[in-house]
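Engineer: quick one: sequence plus predicted model below, questions after.
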Amino acid sequence: MTITGIVSSPITYLNLRSHTTASSFSFPPINSLKLSSPTLQSNTITFTTTSLRNPNSRLSVSAISLSSQENVSQTSFLDRRESGVLHFVKYHGLGNDFIMVNNLDSMEPKVTPEQAVKLCDRNFGIGADGVIFAMPGWSGADYTMRIFNSDGSEPEMCGNGVRCFAKFISDLNCLNGRQSFTVHTGAGLIIPEMQHDGKVKVDMGEPVLKASDVPTKIPPNKDQSVVKTKIEVDGVNWNVTCVSMGNPHCVTFGREGDQNLVVDELNLAEIGPKFEHHKLFPARTNTEFVQVFSRSHLKMRVWERGAGATLACGTGACAVVVAAILEGRSERNCTVDLPGGPLEIEWREDDNHVYMTGPAELAKSKAVPVLLILAHAA
Ligand SMILES: N[C@H](CCC[C@H](N)C(=O)O)C(=O)O
(Lines give C-alpha, C1' and ligand atoms only; values in the text may rest on other atoms or scores of the structure.)
Protein backbone atom coordinates (compact mmCIF):
# COMPACT_ATOMS: atom_id res chain seq x y z
CA MET A 1 0.00 0.00 0.00
CA THR A 2 1.49 3.37 -0.95
CA ILE A 3 0.70 6.42 1.10
CA THR A 4 1.28 9.84 -0.36
CA GLY A 5 0.70 13.20 1.21
CA ILE A 6 1.13 16.73 0.01
CA VAL A 7 3.15 18.55 2.59
CA SER A 8 4.71 21.93 2.89
CA SER A 9 8.45 21.74 2.95
CA PRO A 10 10.81 22.08 4.66
CA ILE A 11 9.15 19.51 6.87
CA THR A 12 10.72 17.95 9.89
CA TYR A 13 7.84 16.22 11.59
CA LEU A 14 4.82 14.44 10.21
CA ASN A 15 1.71 13.35 11.92
CA LEU A 16 0.40 10.15 10.38
CA ARG A 17 -3.17 9.37 11.31
CA SER A 18 -5.15 6.46 10.18
CA HIS A 19 -8.78 6.84 9.19
CA THR A 20 -11.15 4.24 8.01
CA THR A 21 -14.61 4.25 6.62
CA ALA A 22 -15.27 0.92 8.35
CA SER A 23 -17.39 1.26 11.48
CA SER A 24 -15.32 -1.09 13.58
CA PHE A 25 -11.82 0.12 13.74
CA SER A 26 -8.65 -1.60 14.60
CA PHE A 27 -5.28 -0.14 13.96
CA PRO A 28 -2.30 -2.44 13.96
CA PRO A 29 -0.08 -1.98 16.99
CA ILE A 30 2.48 0.70 16.48
CA ASN A 31 5.43 -1.57 16.20
CA SER A 32 3.71 -3.78 13.63
CA LEU A 33 3.17 -0.92 11.23
CA LYS A 34 6.10 -1.38 8.93
CA LEU A 35 6.66 1.83 7.03
CA SER A 36 9.31 2.44 4.47
CA SER A 37 11.54 5.42 5.02
CA PRO A 38 9.73 8.41 3.55
CA THR A 39 10.74 9.79 0.17
CA LEU A 40 10.10 13.44 -0.63
CA GLN A 41 9.67 14.48 -4.27
CA SER A 42 9.00 18.23 -4.58
CA ASN A 43 6.13 18.55 -2.08
CA THR A 44 4.84 14.98 -2.19
CA ILE A 45 5.93 12.56 0.50
CA THR A 46 5.57 8.85 -0.05
CA PHE A 47 5.68 5.89 2.34
CA THR A 48 4.90 2.31 1.53
CA THR A 49 3.53 -0.21 3.99
CA THR A 50 2.32 -3.76 3.78
CA SER A 51 0.72 -3.65 7.22
CA LEU A 52 -2.55 -2.06 6.27
CA ARG A 53 -4.64 -4.47 4.25
CA ASN A 54 -8.01 -3.02 5.18
CA PRO A 55 -9.19 -1.53 1.87
CA ASN A 56 -11.12 1.03 3.85
CA SER A 57 -8.05 2.24 5.62
CA ARG A 58 -6.30 5.25 4.40
CA LEU A 59 -3.59 7.22 6.06
CA SER A 60 -3.56 10.96 5.88
CA VAL A 61 -0.38 12.85 6.24
CA SER A 62 -0.19 16.27 7.76
CA ALA A 63 2.93 18.18 8.36
CA ILE A 64 3.67 20.23 11.40
CA SER A 65 6.93 22.00 11.05
CA LEU A 66 8.82 22.11 14.31
CA SER A 67 11.65 24.06 12.75
CA SER A 68 12.99 24.53 9.28
CA GLN A 69 15.67 22.07 8.24
CA GLU A 70 18.19 24.90 7.89
CA ASN A 71 18.29 25.72 11.57
CA VAL A 72 18.06 22.17 12.94
CA SER A 73 21.21 21.57 14.96
CA GLN A 74 23.44 18.79 13.68
CA THR A 75 22.95 16.82 16.91
CA SER A 76 19.18 17.24 17.23
CA PHE A 77 16.94 14.18 17.12
CA LEU A 78 15.41 15.54 13.90
CA ASP A 79 18.67 14.95 12.21
CA ARG A 80 19.15 11.30 13.21
CA ARG A 81 20.12 9.43 10.10
CA GLU A 82 19.39 5.89 11.22
CA SER A 83 15.92 4.96 10.06
CA GLY A 84 14.77 8.54 9.80
CA VAL A 85 11.88 7.93 12.11
CA LEU A 86 11.28 8.26 15.79
CA HIS A 87 8.11 6.67 17.14
CA PHE A 88 5.96 8.18 19.87
CA VAL A 89 2.77 6.93 21.42
CA LYS A 90 0.46 8.65 23.88
CA TYR A 91 -0.79 7.16 27.16
CA HIS A 92 -2.88 8.69 29.94
CA GLY A 93 -3.67 8.12 33.59
CA LEU A 94 -7.16 9.55 34.30
CA GLY A 95 -6.65 12.07 31.50
CA ASN A 96 -3.16 13.18 32.64
CA ASP A 97 -1.56 12.42 29.31
CA PHE A 98 2.00 11.77 28.24
CA ILE A 99 3.94 11.19 25.06
CA MET A 100 5.92 8.02 25.74
CA VAL A 101 9.31 7.70 24.04
CA ASN A 102 10.98 4.34 23.69
CA ASN A 103 14.44 5.42 24.78
CA LEU A 104 15.55 1.95 25.89
CA ASP A 105 18.64 2.11 23.70
CA SER A 106 20.16 5.19 25.31
CA MET A 107 20.50 7.17 28.54
CA GLU A 108 20.34 10.32 26.43
CA PRO A 109 16.75 11.62 25.96
CA LYS A 110 15.82 11.58 22.26
CA VAL A 111 13.80 14.75 22.66
CA THR A 112 15.15 17.99 24.11
CA PRO A 113 13.13 20.05 26.63
CA GLU A 114 12.54 22.68 23.93
CA GLN A 115 11.19 20.04 21.53
CA ALA A 116 9.07 18.58 24.34
CA VAL A 117 7.38 21.97 24.74
CA LYS A 118 6.45 21.95 21.05
CA LEU A 119 5.30 18.33 21.07
CA CYS A 120 3.11 18.99 24.14
CA ASP A 121 1.48 22.05 22.61
CA ARG A 122 -2.23 21.19 22.26
CA ASN A 123 -2.67 23.48 19.24
CA PHE A 124 0.47 23.04 17.21
CA GLY A 125 1.84 19.74 18.45
CA ILE A 126 0.52 16.39 19.64
CA GLY A 127 -0.76 17.84 22.92
CA ALA A 128 0.19 16.34 26.29
CA ASP A 129 1.00 17.20 29.91
CA GLY A 130 4.53 15.89 29.44
CA VAL A 131 7.01 13.64 27.63
CA ILE A 132 8.18 10.47 29.38
CA PHE A 133 11.29 8.52 28.42
CA ALA A 134 11.61 4.78 29.01
CA MET A 135 15.35 4.31 29.44
CA PRO A 136 17.71 1.47 30.40
CA GLY A 137 17.93 0.64 34.10
CA TRP A 138 20.46 2.45 36.28
CA SER A 139 22.09 1.42 39.57
CA GLY A 140 20.44 -2.02 39.52
CA ALA A 141 16.92 -0.90 38.55
CA ASP A 142 15.16 -2.62 35.64
CA TYR A 143 14.40 0.70 33.94
CA THR A 144 14.89 4.43 34.31
CA MET A 145 12.09 6.96 33.86
CA ARG A 146 12.68 10.61 33.04
CA ILE A 147 9.96 13.16 32.34
CA PHE A 148 9.77 16.65 30.89
CA ASN A 149 6.73 18.74 31.87
CA SER A 150 4.88 20.54 29.09
CA ASP A 151 6.83 23.69 29.99
CA GLY A 152 10.10 21.82 29.42
CA SER A 153 11.05 21.61 33.12
CA GLU A 154 12.15 18.22 34.47
CA PRO A 155 10.37 17.01 37.62
CA GLU A 156 11.69 14.28 39.88
CA MET A 157 8.65 12.02 39.62
CA CYS A 158 5.20 11.55 38.14
CA GLY A 159 2.60 9.21 39.60
CA ASN A 160 0.20 8.94 36.68
CA GLY A 161 3.24 8.90 34.45
CA VAL A 162 4.80 5.89 36.13
CA ARG A 163 1.55 3.93 35.72
CA CYS A 164 1.61 4.85 32.02
CA PHE A 165 5.28 3.86 31.96
CA ALA A 166 4.37 0.42 33.34
CA LYS A 167 1.61 -0.05 30.74
CA PHE A 168 4.00 1.09 27.99
CA ILE A 169 6.66 -1.42 29.10
CA SER A 170 3.98 -4.11 29.22
CA ASP A 171 2.75 -3.19 25.72
CA LEU A 172 6.34 -3.31 24.46
CA ASN A 173 6.37 -6.91 25.71
CA CYS A 174 9.25 -6.07 28.01
CA LEU A 175 7.75 -7.48 31.20
CA ASN A 176 9.26 -10.91 30.46
CA GLY A 177 6.48 -12.66 32.32
CA ARG A 178 6.77 -10.49 35.45
CA GLN A 179 3.97 -8.40 36.94
CA SER A 180 6.20 -5.84 38.66
CA PHE A 181 9.59 -4.27 38.09
CA THR A 182 11.79 -1.50 39.47
CA VAL A 183 12.09 1.97 37.99
CA HIS A 184 14.88 4.40 38.84
CA THR A 185 13.44 7.94 39.08
CA GLY A 186 14.40 11.31 40.51
CA ALA A 187 12.34 10.26 43.55
CA GLY A 188 14.35 7.06 44.02
CA LEU A 189 13.27 3.49 43.30
CA ILE A 190 9.61 3.17 42.35
CA ILE A 191 7.89 -0.22 41.96
CA PRO A 192 4.82 -0.50 39.70
CA GLU A 193 2.82 -3.75 39.69
CA MET A 194 0.37 -4.71 36.91
CA GLN A 195 -2.99 -5.76 38.42
CA HIS A 196 -5.27 -8.43 36.96
CA ASP A 197 -8.01 -5.84 36.39
CA GLY A 198 -5.67 -3.82 34.16
CA LYS A 199 -4.96 -1.20 36.79
CA VAL A 200 -1.44 -0.48 38.05
CA LYS A 201 -0.51 -0.45 41.75
CA VAL A 202 2.60 1.61 42.55
CA ASP A 203 4.78 1.66 45.64
CA MET A 204 5.53 5.38 45.63
CA GLY A 205 8.02 5.18 48.46
CA GLU A 206 8.02 7.29 51.63
CA PRO A 207 6.65 10.86 51.78
CA VAL A 208 9.18 13.54 52.72
CA LEU A 209 7.93 16.00 55.33
CA LYS A 210 11.06 17.93 56.32
CA ALA A 211 10.39 21.50 55.13
CA SER A 212 13.87 22.07 53.73
CA ASP A 213 13.59 18.84 51.71
CA VAL A 214 10.15 19.52 50.20
CA PRO A 215 11.52 22.20 49.63
CA THR A 216 9.70 25.12 51.24
CA LYS A 217 10.78 28.20 53.15
CA ILE A 218 7.62 28.15 55.28
CA PRO A 219 8.78 28.19 58.93
CA PRO A 220 8.38 24.55 60.11
CA ASN A 221 6.98 23.07 63.30
CA LYS A 222 9.29 21.64 65.96
CA ASP A 223 9.48 18.33 63.99
CA GLN A 224 10.62 20.29 60.93
CA SER A 225 7.36 19.62 59.06
CA VAL A 226 4.80 22.14 57.73
CA VAL A 227 1.32 21.00 58.78
CA LYS A 228 -1.79 23.21 58.63
CA THR A 229 0.33 26.36 58.56
CA LYS A 230 -1.04 29.73 57.50
CA ILE A 231 0.53 31.41 54.46
CA GLU A 232 -0.57 34.50 52.59
CA VAL A 233 -1.12 34.10 48.85
CA ASP A 234 -2.11 37.22 46.97
CA GLY A 235 -3.58 38.81 50.08
CA VAL A 236 -5.57 35.75 51.21
CA ASN A 237 -4.55 33.48 54.11
CA TRP A 238 -4.56 29.73 53.32
CA ASN A 239 -3.82 26.83 55.67
CA VAL A 240 -1.31 24.50 53.99
CA THR A 241 0.55 21.23 54.59
CA CYS A 242 3.69 20.55 52.55
CA VAL A 243 4.71 17.08 51.37
CA SER A 244 7.28 15.85 48.86
CA MET A 245 6.69 12.63 46.89
CA GLY A 246 10.00 13.28 45.22
CA ASN A 247 8.38 16.42 43.81
CA PRO A 248 7.05 19.29 45.93
CA HIS A 249 3.37 19.57 46.92
CA CYS A 250 1.49 22.27 48.79
CA VAL A 251 -1.85 20.83 49.99
CA THR A 252 -4.66 23.05 51.23
CA PHE A 253 -8.08 22.22 52.67
CA GLY A 254 -9.08 25.89 52.53
CA ARG A 255 -8.55 29.49 53.44
CA GLU A 256 -8.36 30.67 57.04
CA GLY A 257 -11.91 30.33 58.40
CA ASP A 258 -13.14 28.02 55.58
CA GLN A 259 -15.33 25.21 56.96
CA ASN A 260 -15.16 23.00 53.88
CA LEU A 261 -13.61 24.18 50.64
CA VAL A 262 -15.80 23.62 47.55
CA VAL A 263 -13.06 22.94 45.02
CA ASP A 264 -15.28 23.26 41.93
CA GLU A 265 -15.79 26.94 42.79
CA LEU A 266 -12.07 27.73 42.53
CA ASN A 267 -10.58 29.64 39.59
CA LEU A 268 -7.43 27.52 39.28
CA ALA A 269 -5.99 29.57 36.41
CA GLU A 270 -6.04 32.59 38.67
CA ILE A 271 -4.89 31.15 42.01
CA GLY A 272 -2.72 28.24 40.80
CA PRO A 273 0.21 30.22 39.39
CA LYS A 274 0.33 32.37 42.55
CA PHE A 275 1.02 29.25 44.61
CA GLU A 276 3.31 27.69 41.97
CA HIS A 277 5.60 30.73 41.81
CA HIS A 278 5.29 31.80 45.46
CA LYS A 279 8.61 32.89 47.03
CA LEU A 280 8.09 30.28 49.80
CA PHE A 281 8.65 27.51 47.21
CA PRO A 282 12.21 27.80 45.84
CA ALA A 283 11.65 24.92 43.36
CA ARG A 284 8.09 26.09 42.60
CA THR A 285 5.33 23.72 43.72
CA ASN A 286 2.38 21.58 42.70
CA THR A 287 -0.73 22.73 44.59
CA GLU A 288 -3.68 20.56 45.56
CA PHE A 289 -7.02 22.03 46.71
CA VAL A 290 -8.97 19.45 48.69
CA GLN A 291 -12.60 18.91 49.74
CA VAL A 292 -13.39 16.30 52.41
CA PHE A 293 -16.44 14.10 51.73
CA SER A 294 -15.65 11.61 54.51
CA ARG A 295 -12.63 10.16 56.39
CA SER A 296 -12.05 7.82 53.44
CA HIS A 297 -13.25 9.92 50.49
CA LEU A 298 -11.58 13.13 49.33
CA LYS A 299 -11.96 15.28 46.24
CA MET A 300 -9.12 17.36 44.80
CA ARG A 301 -8.22 19.69 42.00
CA VAL A 302 -4.61 20.41 41.12
CA TRP A 303 -2.49 23.13 39.62
CA GLU A 304 0.69 21.35 38.57
CA ARG A 305 4.17 22.83 38.51
CA GLY A 306 5.21 23.12 34.90
CA ALA A 307 1.93 21.84 33.49
CA GLY A 308 -0.92 23.92 34.96
CA ALA A 309 -4.38 22.53 35.68
CA THR A 310 -4.40 18.83 34.81
CA LEU A 311 -7.16 16.21 35.02
CA ALA A 312 -5.19 14.18 37.53
CA CYS A 313 -1.96 14.15 39.52
CA GLY A 314 -0.79 10.88 41.05
CA THR A 315 1.93 12.27 43.30
CA GLY A 316 -0.55 14.99 44.24
CA ALA A 317 -3.17 12.46 45.33
CA CYS A 318 -0.53 10.73 47.46
CA ALA A 319 0.48 14.04 49.04
CA VAL A 320 -3.19 14.86 49.70
CA VAL A 321 -3.79 11.66 51.69
CA VAL A 322 -0.58 12.17 53.69
CA ALA A 323 -1.64 15.76 54.47
CA ALA A 324 -5.19 14.68 55.35
CA ILE A 325 -3.85 12.15 57.85
CA LEU A 326 -1.38 14.64 59.34
CA GLU A 327 -4.24 17.11 59.77
CA GLY A 328 -6.45 14.41 61.33
CA ARG A 329 -8.99 14.53 58.49
CA SER A 330 -8.83 10.99 57.09
CA GLU A 331 -7.96 7.35 57.55
CA ARG A 332 -4.87 5.79 55.92
CA ASN A 333 -6.89 4.24 53.03
CA CYS A 334 -8.67 6.81 50.87
CA THR A 335 -10.41 7.20 47.55
CA VAL A 336 -9.31 10.48 46.01
CA ASP A 337 -11.62 11.86 43.32
CA LEU A 338 -9.81 13.87 40.64
CA PRO A 339 -11.44 15.57 37.63
CA GLY A 340 -10.29 12.63 35.47
CA GLY A 341 -11.45 9.91 37.88
CA PRO A 342 -10.61 8.23 41.21
CA LEU A 343 -7.32 6.93 42.61
CA GLU A 344 -6.99 4.56 45.57
CA ILE A 345 -4.27 5.75 47.96
CA GLU A 346 -2.90 4.09 51.07
CA TRP A 347 -0.22 5.49 53.41
CA ARG A 348 0.80 2.23 55.02
CA GLU A 349 1.84 2.47 58.70
CA ASP A 350 4.14 -0.58 58.81
CA ASP A 351 6.56 0.53 56.08
CA ASN A 352 5.67 4.24 55.86
CA HIS A 353 5.30 3.82 52.08
CA VAL A 354 2.47 5.36 50.06
CA TYR A 355 0.69 3.05 47.58
CA MET A 356 -1.32 4.34 44.63
CA THR A 357 -3.65 2.24 42.46
CA GLY A 358 -5.25 3.46 39.26
CA PRO A 359 -5.62 2.99 35.49
CA ALA A 360 -3.16 3.61 32.66
CA GLU A 361 -4.34 3.51 29.06
CA LEU A 362 -3.19 4.03 25.52
CA ALA A 363 -4.70 7.42 24.68
CA LYS A 364 -7.86 7.03 22.62
CA SER A 365 -8.11 10.76 22.04
CA LYS A 366 -6.75 10.23 18.53
CA ALA A 367 -8.87 7.11 17.94
CA VAL A 368 -5.61 5.52 16.98
CA PRO A 369 -2.21 5.69 18.54
CA VAL A 370 -0.70 8.82 17.07
CA LEU A 371 2.29 7.68 15.11
CA LEU A 372 4.62 10.57 14.63
CA ILE A 373 7.12 10.16 11.92
CA LEU A 374 10.04 12.47 12.23
CA ALA A 375 11.22 12.55 8.69
CA HIS A 376 14.18 14.59 7.63
CA ALA A 377 13.49 16.59 4.56
CA ALA A 378 15.45 15.63 1.47
N1 LIG B 1 4.16 18.53 37.15
C2 LIG B 1 4.76 17.68 38.20
C3 LIG B 1 5.22 16.35 37.59
C4 LIG B 1 4.05 15.50 37.16
C5 LIG B 1 3.24 15.06 38.34
C6 LIG B 1 1.84 14.53 38.04
N7 LIG B 1 1.42 14.56 36.68
C8 LIG B 1 1.67 13.15 38.64
O9 LIG B 1 0.88 12.36 38.12
O10 LIG B 1 2.32 12.89 39.69
C11 LIG B 1 5.97 18.39 38.82
O12 LIG B 1 6.56 19.26 38.16
O13 LIG B 1 6.31 18.02 39.96
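Structural biologist: Thanks, I have the structure now.

Engineer: show me which residues of the chain sit near the ligand.
Structural biologist: By Cβ under 6 Å from any ligand atom, the residues of the chain that approach the ligand are 96, 149, 155, 158-161, 247, 286, 304-307, 310, 313-316. (Each C-beta comes from the backbone N, C-alpha and C, glycine too.)

Engineer: which of those fall in strands?
Structural biologist: Judged by DSSP state E, strands contain the following of the residues of the chain next to the ligand: 96, 149, 286, 304.

Engineer: bridged to the closest residue to residue 358 other than its chain neighbours, which residues?
Structural biologist: Closest residue to residue 358 apart from its sequence neighbours, by Cβ to Cβ, 6 or more residues apart in numbering: residue 343 at 4.3 Å. Beta bridges link residue 343 to residue 336, judged by DSSP bridges.

Engineer: need the per-residue pLDDT for residue 343.
Structural biologist: Turning to residue 343, the model gives it a pLDDT of 98.

Engineer: same deal with residue 94?
Structural biologist: At residue 94, pLDDT is 98.

Engineer: residues touching it, list them.
Structural biologist: By Cβ atoms under 8 Å, 6 or more residues apart in numbering, the contact set of residue 94 is 160, 311-312, 338, 340-343, 358-359.

Engineer: how about residue 362?
Structural biologist: Going by Cβ under 8 Å, 6+ apart, the list of residues near residue 362 reads 89-91, 167, 171, 369.

Engineer: surely the residue nearest to residue 358 touches residue 360?
Structural biologist: No: counting by Cβ atoms under 8 Å, residue 343 sits too far from residue 360 to count as a contact (11.4 Å).

Engineer: correct me if wrong: residue 354 contacts residue 348.
Structural biologist: Yes: using Cβ under 8 Å, residue 354 makes contact with residue 348 at a distance of 7.5 Å.

Engineer: among those two, which residue is more densely surrounded?
Structural biologist: Legend: neighbour count by other Cβ atoms under 10 Å for residue 354 and residue 348, higher for residue 354 (25 against 13).

Engineer: quick one: the helices in the stretch 51-200 of the chain, in order.
Structural biologist: Applying DSSP state H, counting those that start in this stretch to the stretch 51-200 of the chain gives helices spanning 113-120, 159-171.

Engineer: can you redo these as JSON lines with distance to residue 237 and mean neighbour count?
Structural biologist: Shown next, in JSON lines, are the helices of the stretch 51-200 of the chain (distance: least, Cβ to Cβ, whole Å; neighbours: other Cβ atoms under 10 Å):
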{"stretch": "helix 113-120", "distance to residue 237": "34", "mean neighbour count": "20"}
{"stretch": "helix 159-171", "distance to residue 237": "29", "mean neighbour count": "27"}
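
Engineer: dump those helices into TSV; add mean pLDDT and distance to residue 276 as well.
Structural biologist: Listed next are the helices of the stretch 51-200 of the chain as TSV, based on pLDDT from 0 to 100; distance: least, Cβ to Cβ, whole Å:
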stretch	mean pLDDT	distance to residue 276
helix 113-120	94	17
helix 159-171	96	18
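
Engineer: out of those helices, which is closest to residue 142?
Structural biologist: In terms of Cβ to Cβ, the element of the helices of the stretch 51-200 of the chain nearest to residue 142 is helix 159-171, at 8.5 Å.

Engineer: poorly predicted segments of the stretch 1-150 of the chain, please.
Structural biologist: Along the stretch 1-150 of the chain, the parts satisfying pLDDT under 70 run over 1-88.

Engineer: low-confidence ranges, the stretch 151-300 of the chain, go.
Structural biologist: For the stretch 151-300 of the chain, counting by pLDDT under 70, not a single residue falls below.

Engineer: next, residue 306: phi, psi?
Structural biologist: phi 80, psi 0 (degrees, to the nearest 10).

Engineer: mind listing what the residue lying closest to residue 345 once chain neighbours are set aside touches?
Structural biologist: Leaving aside its sequence neighbours, residue 345 sits nearest to residue 321 (Cβ to Cβ, 6+ apart; 4.3 Å). By Cβ under 8 Å, 6+ apart, the contact list for residue 321 reads 298, 330, 332, 334, 336, 345-347, 354.

Engineer: and if we set it to 6 Å?
Structural biologist: Contact analysis of residue 321 by Cβ atoms under 6 Å, 6 or more residues apart in numbering lists 334, 345, 347.

Engineer: which SS class is residue 357?
Structural biologist: Classification of residue 357 using DSSP: H, G, I helix; E, B strand; the rest coil returns strand.

Engineer: need the per-residue pLDDT for it.
Structural biologist: In this model, residue 357 is scored at 98, pLDDT.

Engineer: since that was my last question, I'll sign off now.
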